[in-house]
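J.: Following is a predicted model, sequence given first.
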Amino acid sequence: MTEKKKKKDIKKYLKGYARHASMNLGGAARDLRHITKYPSKDKKTDLPLKESIKKRLKGAASSVYYAGMPPSELSVGRHTLMKGHHTAQEVYDLADNPDEGVIRSFSKSYNKWKPGLPNKEASACYKNNRKETYIMKEALAKILRSAVVDQPKGSYKHFGLKDYPLPGIKYTTDYGYLPGHTGEDKAELDFFRGTGKKQGTLLFHRPDVEGGKETKTYFNMSTKELSRIRKDLAPILLDHTAMSQKRFAEELKKFKDG
């Protein structure tokens, strides 16, 4: 990774960090604004005054805490500088979103509905977004259920490439391919499957492939499992991109057959 790319990634991370903090501070301000009112489970009435204040203060404290915390892991090359509770890609997506400036992020959290939208319209927008998210997750789950494991955890594969930095690898997670998706090597798109919740892509050096690079995906991966894979394959690893589920689903479309 070049020095210019490192500075660009850090700048984008800090931009997303600021927007994430602003969003949480907006949530804290909202809780303090409505400190005497907290909706009951049926959403029709408010809780008693004492209980409402308790919940609002707890919510405000939590929002302030997460405003100060690094929102995600910040990796520069193979070095992790910060850890957090979101994927780095989610923070980068927040930084790249032209509709999510610092002030707007605060405003969206501070106000009950989206700024500029009547309650009814905002409610419909929210429900539509929920529906789109559900459809996306179902489509992604269907693809991942079709995954074929041909190298179970613990198995060894010899690469068989002359002068390659690695002779082979012992897999620390399940490894296989996604039917209906083709990688740069003209074979099925490969994946690593772990036991966590992270997903994304890994770009590897492949001198026998046109362009010299090959993309492999990973999903259901824990931080520990991903770190081990990155360490074991460090001599041939060119890049790593952590992704939100939405970004991962979009990325898979690039490799879909037909």
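T.: Sure thing, it's come through. Quantities reported herein were computed from a predicted structural model and do not represent experimental measurements. Numbering: from 1, shown residues only.
J.: contact partners of stretch 41-52?
T.: Contact with stretch 41-52 is made by 35-40, 55, as judged by C-beta atoms under 8 Å, 6 or more residues apart in numbering. To be clear about C-beta, it is placed using only N, CA and C from the backbone, and glycine gets the same treatment.
J.: And it, what's buried?
T.: Within stretch 41-52, the residues scored as buried using 16 or more other C-beta atoms under 10 Å are 47, 52.
J.: what does stretch 220-230 give?
T.: 220-221, 225-226, 229-230.
J.: same thing with stretch 28-38?
T.: Neighbour-count burial for stretch 28-38 flags 28-31, 35, 38 (criterion: 16+ other C-beta under 10 Å).
J.: returning to that earlier point: got the buried residues of stretch 220-230 as CSV, with pLDDT and distance to Ser107 columns?
T.: Below are the buried residues of stretch 220-230 laid out as CSV (pLDDT from 0 to 100; distance: C-beta to C-beta, whole Å):
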residue, pLDDT, distance to Ser107
Asn220, 94, 36
Met221, 92, 35
Glu225, 95, 39
Leu226, 93, 35
Ile229, 95, 41
Arg230, 94, 38
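J.: any idea which helix is longest in the chain?
T.: Secondary structure of the chain per DSSP state H: the longest helix is helix 3-33.
J.: I figured Val64 hits Gly27, correct?
T.: No: counting by C-beta atoms under 8 Å, Val64 does not reach Gly27; the two are 9.0 Å apart.
J.: neighbour-wise, which of the two wins?
T.: More crowded of Val64 and Gly27, by other C-beta atoms under 10 Å: Gly27, with 21 against 17.
J.: What pLDDT is listed against Gly180?
T.: You'll see Gly180 listed with a pLDDT of 95.
J.: quick one: secondary structure of it?
T.: strand (DSSP: H, G, I helix; E, B strand; the rest coil).
J.: Pull the contacting residues for it.
T.: Gly180 sits in contact with 143, 146, 256-257, where contact means C-beta under 8 Å, 6+ apart.
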